[in-house]
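Chemist: Fold the following.
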Amino acid sequence: MTQTDHLPAHLAFIGFGEAAEAFATGWGADIAARISAWDVKLTDSDAGALPRARAARTGVRLAPGRAEALAGAGAVFCLVTADRATEAAEQSAADLPRGAFWFDGNSCSPGAKRRSAELIEGAGGRYVDVAIMSPVYPKMHRTPLLIAGPHAAAAAPVLAALGMEAAVAGDAVGAASAIKMVRSVMVKGMEALTAECLLAARRAGVEDRVLASLQASAPGLRWEQQAAYNLERMMVHGRRRAAEMREVAATLAELGLPNGLAAATADWQQRIGDMDLPADEEGFAARADAVLKRL
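Modeler: This is a model prediction of the structure:
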């Protein structure tokens, strides 16, 4: 059996945001022609402009509804927001073809993934816990993935046929997401620390001294450039990151651990994301000033 023998004749996206567009772009036109997508934003004339633009760029067909997108799909990529993942599974279960893989790539707690798995498995689908382990650009469909669950081993050849880089993290749903959730305490927490520390430094007029001190303490990091990048991530993706960090807080609670840092990180991500600021200006100073004007 060749690798292409594992490629489903039809693929579906539930949620057609940045990650879905990146995957479809990386796959190219031949695979994009096999894809139908549905995004809840399509129910709103204004919000729907973004998924329509993504579809136009990639050649993916937007279905008139969720059921139409799922019809005949051998594999479904669920890429919504963390707070909508279980709802998406619940709303899709009745229309999911039996035996179809449900690749849940949302940044959810292991407990939330298990709840979604129950819904998909109960409808005859094959649920796969997927953790997307780095930003989807520039690697697009080759972004590193961790997958887990009882169907992970069977799903791996399907992902390989799509040119994706997936490693099996375990045979229990939640094994992949646990790794991502715990890692996000550090990754997204550092973004929030950057915001709280260096926005305060700039407002106090001491950011040069603070940055110099940080650079001397950890010379291997390019602190000012990293600060600019971290703010850009929060400005552009803060709402989505906040939803993820609430799932991180839930993960820590599931583990019986305090989660104050995760909750505070969610607050900072939400606060900056809700500003709807463009990140067009280059450099930390310009981005910091834009944020500080709104605080």
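
Chemist: which phi and psi does L96 have?
Modeler: Dihedral angles of L96 (phi, psi; degrees, to the nearest 10) stand at phi -80, psi 130.

Chemist: can you count the residues close to it?
Modeler: For L96, the neighbour count with other C-beta atoms under 10 Å is 26. All C-beta spots, glycine's among them, are computed from the backbone N, C-alpha and C.

Chemist: wait, what's in contact with it?
Modeler: When contacts are counted by C-beta atoms under 8 Å, 6 or more residues apart in numbering, L96 is found next to L70, A73, V76, W102, I120, A123, G124, G125.

Chemist: and what of A20?
Modeler: With the criterion set at C-beta under 8 Å, 6+ apart, A20 makes contact with F13, A37, R54, F77, L79.

Chemist: For beta bridges, what are the partners of the first one?
Modeler: Under DSSP bridges, the beta-bridge partners of F13 are A37, F77.

Chemist: Kindly tell me how buried the nearest residue to A75 once chain neighbours are set aside is, as a neighbour count.
Modeler: Spatially, and ignoring its direct neighbours in sequence, A75 is nearest to F101 (4.4 Å; C-beta to C-beta, 6 or more residues apart in numbering). Counted with other C-beta under 10 Å, residues neighbouring F101 total 24.

Chemist: Does F101 have any beta-bridge partners, and if so which?
Modeler: With DSSP bridges as the criterion, F101 is bridged to A75, R126.

Chemist: can you map out the helices along this protein?
Modeler: Ranges of helices in the chain, per DSSP state H, are 18-27, 29-32, 49-58, 66-70, 85-92, 110-122, 152-161, 175-203, 207-217, 223-254, 260-273, 284-292.

Chemist: was I right about F13 contacting L79?
Modeler: Yes - counting by C-beta atoms under 8 Å, F13 does reach L79; the two are 6.4 Å apart.

Chemist: More neighbours: which of those two?
Modeler: A count of neighbours by other C-beta under 10 Å puts F13 above the other of F13 and L79, at 30 against 27.

Chemist: quick one: that one and A63, what's the gap?
Modeler: Per C-beta to C-beta, to the nearest Å, F13 is found 9 Å from A63.

Chemist: what is the mean pLDDT for stretch 220-227?
Modeler: Across stretch 220-227, the average pLDDT comes to 96.

Chemist: Can you pull out the residues in contact with that stretch?
Modeler: Residues outside stretch 220-227 that contact it (C-beta under 8 Å, 6+ apart): T194, L198, L211, L214, Q215, G283, F284, A288.

Chemist: what do you get for stretch 109-118?
Modeler: 82, 85-86, 89, 104, 108, 127, 129, 149, 173-175, 177-178, 181, 247-248, 250-251, 254.

Chemist: pLDDT weak spots in the stretch 1-150 of the chain?
Modeler: Across the stretch 1-150 of the chain, residues meeting the criterion (pLDDT under 70) sit at 1-4.

Chemist: Repeat the analysis, applying 50 as the threshold.
Modeler: Across the stretch 1-150 of the chain, the stretches falling below the confidence threshold (pLDDT under 50) are 1.

Chemist: returning to what we had before: for my notes, please list the helices of the chain in CSV and give distance to T143 for each entry.
Modeler: What follows is those, written out as CSV (distance: least, C-beta to C-beta, whole Å):
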stretch, distance to T143
helix 18-27, 7
helix 29-32, 16
helix 49-58, 16
helix 66-70, 22
helix 85-92, 18
helix 110-122, 19
helix 152-161, 11
helix 175-203, 12
helix 207-217, 29
helix 223-254, 15
helix 260-273, 21
helix 284-292, 25
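
Chemist: Would you mind telling me which of those is nearest A9?
Modeler: A9 lies closest, by C-beta to C-beta, to one member of the helices of the chain: helix 29-32, at 11.0 Å.

Chemist: Next, the buried residues of that closest one.
Modeler: Within helix 29-32, the residues that count as buried by 16 or more other C-beta atoms under 10 Å are I31, A32.
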